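In: Can you look at this prediction? I've put the sequence above it.
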Amino acid sequence: MKKRILTVLLGLLLLTAACARAEYFGVGDDARKSVNIFLSNFTEQGIWNFDAEQATDAELCEFAARHIAINRPQWVERGSWSCEGEYLNARVSDAHVPQIAQAYTGRTPGQMTSQNTIHVGSYYYFAEGAPVDIGFACMSAAQTVLNGRIGVYFGCYGQGWGWSNDDCALRPEEAAARYPDCPVYTGYAVIDLGEAWLGADRSTWRLVSLHINP
């Protein structure tokens, strides 16, 4: 535990040093929407903190399985199952989990374990119902970091109000006006753009880290 805490603290110090050398830059509407959609894949799950390098297999599997349940209906089976004393009505195969984890975090879990989701046999089971999201991400500023990475300051809006990807095109002031009764949570994320740049193509983007203030 002490080793992991020291590693995290060292990472924060390095990030602070990198941010001190970072430069802010303007972002067009298409790039803004792409960044917001990418980060919303995490905020829609209620993820407050994430570090790709430090993430456990259980955290990677949890993210990937829930991403499939929310965004890939063609991979979701619906029925009725009794698992560990709970009656659940949706499940996804763990066969799809490694590719989703790799696509969004650059990490592939070594074991198909689970954090909070029930994993039995080769399936993750869910009870579909009220979302646990923090809202959608809405970028307020972007800065270069290092080695093709960008830092993004953002807020989360529309928690629990059934927002959609269309909302990800909003600017912060527009998001606040559309969801005036919702709490706003501020955060900072680092994205590795890979071989791409800011635009509609997010296929090479990977989340490096994310922190949202509760």
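Out: Received, thanks. All of these numbers come straight from a predicted model, not from anything done at the bench.
In: OK, contacts around P214?
Out: 48, 185 (Cβ atoms under 8 Å, 6 or more residues apart in numbering). Glycine gets a C-beta too; all of them are placed from N, C-alpha and C.
In: how close does it get to I37?
Out: Here the criterion is Cβ to Cβ, to the nearest Å. By it, P214 lies 23 Å from I37.
In: Would you mark the buried spots in stretch 107-125?
Out: By neighbour count with 16 or more other Cβ atoms under 10 Å, stretch 107-125 contains the buried residues 107, 109, 112-114, 117-119, 123-125.
In: can you put those in TSV and add pLDDT?
Out: As requested, the buried residues of stretch 107-125 are exported to TSV (pLDDT from 0 to 100):
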residue	pLDDT
R107	97
P109	97
M112	95
T113	91
S114	87
T117	91
I118	92
H119	94
Y123	96
Y124	95
Y125	94
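In: which one of the residues you listed sits closest to G158?
Out: Nearest to G158 out of those is T117 (Cβ to Cβ; 24.0 Å).
In: tell me the phi and psi of the closest one?
Out: phi -80, psi 140 (degrees, to the nearest 10).
In: Show the residue spans covered by the strands in the chain.
Out: Applying DSSP state E to the chain gives strands spanning 24-25, 49-51, 76-83, 86-93, 118-120, 123-126, 136-144, 149-157, 185-192, 206-212.
In: Could you list the paired strands of the second one along with their orientation?
Out: Right, the one you point to is strand 49-51. Take DSSP bridges as the rule and strand 49-51 pairs in its sheet with strand 206-212 (antiparallel).
In: and R171, how many neighbours does it have?
Out: When neighbours are defined as other Cβ atoms under 10 Å, R171 has 14 of them.
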